[in-house]
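> Test case, fold it:
(one chain, ligands or ions: 2)
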Amino acid sequence: MKDDRIEQLLQNFNEANLQPLWTLESDIMPHKPNPKSIPFLWKWEKLYELAEEAGELITLERGGDRRAIALANPGLGGMPFATETLWMAVQWLNGKEVAPAHRHTPQAIRFIVDGAGSYSTVEGDKVYLERGDLVLNPPLLWHDHGSESEERAIWIDGLDIPLTKYLNANFFEPMHKDTQEVNTIKNYSILKYGSGTLKPAWEREKPVYPPMSTFKWVKTEQALLDLAKSGAACPHDDIAMEYINPLTGNPVMKTFSCWIQMLRPNVHTQAHREVCSTVYFVFEGSGYSVIDGIRFDWKQGDLFVVPNWKLHEHINTSNERAILFSINDRPTMELLDKYRAEKYEENGGHQIVTSVFE
Ligand SMILES: [Fe+2]
Ligand SMILES: [Fe+2]
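Ligands and ions are numbered 1, 2, ... in the order given. Prediction:
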């Protein structure tokens, strides 16, 4: 009798568009994070081959904007997202091509794989791009880019599109012309603020976003080499550095952070897990990462994902340095008081490999 009434009650809830918590708890309040995104790896050869073909077949139309091919995590049901919060894509720009000016609320970065005479203009500041440069596109700043050479350029785009979509906070605006006016000498913001440790003395502002549009590889590489020389290293990430706004010390974007890390020859880091998701791009070298017990072998150009709260450790199997560029949503988690991390103590800090990703 009581059972019948309970069943009727559940049905009545349903008809009234109500749901009782006691039937939902493990789904909406699990004991620990249970992400839908899965650890995954995309091979560079395949990405390159398909991006090249897109370069032949797909033209850039004004307003249509970018030839970017997004990582679609198989755990996310066909959505073009690398993780629940992060978008990452490979972008291909043909020689002499222009990607028209636009602006948007998603926070964005570009990490240059091959600059080949290309440039990026952000809010009137035009910078020429080289391999390893990081370009920033804070929200609602106008940006366009193009190639002045005959050669194609290729880079990695990172944005907080999934988070922005979830928050229903997306705005997008085309400029209705291909290129915005350049109102300074070329590389202006790098010349003015690129030292990173010194600034024009008469300026007292502390802008939320970094004052320079681009971090040049030559300085980034030197910072990695210097940190390695200091003898300091992170047990989980070896020689790892976070790109920061030099005027505030904060990550370059509010919702996600950009890292560059060098795994020294034959280094094997200690596993840990964190409440944040990370997308890696292998800039140099080869090795493997163990994520949630699965071994992912990687080499230059590959991209891979560590979802929220999955154990991970990195191994450089070669006698050369390996360099990983990555973005992670840790700033969002910290801002919202949700960040946690936990060291893996068993087995000397190394996971047991249960399968190998093919
Ligand atoms: Fe954009
Ligand atoms: Fe980590």
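> Other residues contacting the lowest-mean-pLDDT helix or strand in the chain?
Across the helices and strands of the chain, mean pLDDT, DSSP states H and E gives its lowest value to helix 25-28, namely a mean of 82. Contacts to helix 25-28, defined as CB atoms under 8 Å, 6 or more residues apart in numbering, come from residues residue 21. Heads up, the C-betas are built off the backbone N, CA and C, glycines and all.
> Could you export that helix as PDB, CA atoms only?
C-alpha atoms of helix 25-28 as PDB (Å, rounded to 0.1, in the frame of the first residue of the first chain):
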ATOM      1  CA  GLU A  25      22.100  12.400  -5.000                       C
ATOM      2  CA  SER A  26      24.900  10.300  -6.500                       C
ATOM      3  CA  ASP A  27      24.400  12.100  -9.800                       C
ATOM      4  CA  ILE A  28      24.300  15.700  -8.700                       C
END
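> Toward the C-terminus, what is the element adjacent to it?
Per DSSP states H and E, helix 25-28 leads on to strand 40-42 as the next helix or strand towards the C-terminus.
> Run through the neighbouring helices and strands of that next one.
Here strand 40-42 touches strand 303-306, going by 3 or more CB pairs under 8 Å, 6 or more residues apart in numbering; DSSP states H and E.
> strand partners of the strand it packs on, parallel vs antiparallel please.
Take DSSP bridges as the rule and strand 303-306 pairs in its sheet with strand 40-42 (antiparallel), strand 278-284 (antiparallel).
> Would you mind listing the buried residues in it?
Buried positions in strand 303-306, judged by neighbour count with 16 or more other CB atoms under 10 Å: 303-306.
> just the strands paired with strand 303-306: most buried one?
Comparing the strands paired with strand 303-306 by mean neighbour count (mean count of other CB atoms under 10 Å), strand 278-284 ranks first with a mean of 23.
> Give me the contact list for that one.
44, 71, 82-83, 86, 88, 111, 132, 156, 158, 260, 289, 298-306, 320-328.
> Which residues are in contact with residue 143?
101-103, 120-123, 137.
> Now these in JSON lines, please, with extra columns for pLDDT and neighbour count.
JSON lines is the format used below for the contacts of residue 143 (pLDDT from 0 to 100; neighbours: other CB atoms under 10 Å):
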{"residue": "101", "pLDDT": "93", "neighbour count": "22"}
{"residue": "102", "pLDDT": "94", "neighbour count": "18"}
{"residue": "103", "pLDDT": "96", "neighbour count": "21"}
{"residue": "120", "pLDDT": "94", "neighbour count": "25"}
{"residue": "121", "pLDDT": "95", "neighbour count": "21"}
{"residue": "122", "pLDDT": "94", "neighbour count": "24"}
{"residue": "123", "pLDDT": "94", "neighbour count": "16"}
{"residue": "137", "pLDDT": "96", "neighbour count": "24"}
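> Tell me where the stretch 51-200 of the chain has helices.
Under the criterion DSSP state H, counting those that start in this stretch, the stretch 51-200 of the chain carries helices at the ranges 161-166, 188-193.
> swap that for the stretch 251-358 of the chain, please
For the stretch 251-358 of the chain, applying DSSP H, counting those that start in this stretch gives helices covering 330-335.
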